[in-house]
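> for reference, the sequence and a predicted model appear below.
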Amino acid sequence: RPTLDAESPACTIPFIQVYQLFTLERIAVRYKVDGLLGEGAIGAVYLVQHTGIRKMMALKLLRPELMRNPTMLTRFEREAMAAAHLDHPNVASASDFGRKDQGRFFLVLEYVQGQELRTVMEGAGPLSLARALFIARQITSALIRAHELGIIHRDMKPAHLPSETKTERIGGKGVKNGRT
């Protein structure tokens, strides 16, 4: 896993990511950045540790070029509100949302360890019927709860589903796009 250690002369993160991490640290000083989890059309998601409670979390940072797009800002804020109010065992919960120093928005979500379901499916081949039904029941249960609250997931796909041994969760890397 890439790390950024100010005490070490060696850095395992490419320059652009170092710049993003320093920017991120200025935005949310209560989170220590541990590495980049992934990037998408809306932003980048980082593995962070909350410095006060020492808990690993996922922090989604909106892309700077989207800060001038009112539609994207509204969508990102709705995503945060949806994630904060959707309480379900198969949904990664949100714990923080804000706009700091440089005006960039961030959303902090529960970090769910595990491979993306897409990676599991590609590596293992077809899932057994029992495993597929196990996953489908959990995803369906989470989506039913979301729909009861008027939340629509706008980008449901295996790449956005962390696969755990005991449970499947929606948006574990913070890529849930809720609409209320």
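In hand now; what should we look at? Residues are numbered from 1 along each chain as shown.

> okay, CA-based contacts and neighbour counts for the rest of this
Noted.

> now the helices for this protein?
Secondary structure of the chain by DSSP state H: the helices cover 15-27, 70-85, 117-124, 129-148.

> buried ones in the shortest one?
Taking 16 or more other CA atoms under 10 Å as the neighbour-count basis, helix 117-124 is seen to contain the buried residues 117, 120.

> tell me what that helix is packed against?
Applying 3 or more CA pairs under 8 Å, 6 or more residues apart in numbering; DSSP states H and E, we find helix 117-124 packed against strand 162-163.

> of the helices of the chain, flag the one that's most buried.
Neighbour counts (mean count of other CA atoms under 10 Å) averaged over each of the helices of the chain peak at helix 70-85, with a mean of 18.

> what about stretch 68-75, distance to the chain center?
How far stretch 68-75 lies from its chain's middle: 18 Å, per CA atoms, centre = their mean, to the nearest Å.

> what is the mean pLDDT for it?
The pLDDT scores in stretch 68-75 average 88.

> okay, that stretch in PDB with CA atoms only?
Written as PDB, here are the backbone C-alpha positions of stretch 68-75 (Å, rounded to 0.1, in the frame of the first residue of the first chain):
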ATOM      1  CA  ARG A  68     -17.700  25.400 -10.700                       C
ATOM      2  CA  ASN A  69     -20.600  23.100 -11.600                       C
ATOM      3  CA  PRO A  70     -23.700  23.800  -9.500                       C
ATOM      4  CA  THR A  71     -25.300  20.600 -10.600                       C
ATOM      5  CA  MET A  72     -22.400  18.500  -9.400                       C
ATOM      6  CA  LEU A  73     -22.100  20.400  -6.100                       C
ATOM      7  CA  THR A  74     -25.800  19.700  -5.500                       C
ATOM      8  CA  ARG A  75     -25.500  16.100  -6.400                       C
END
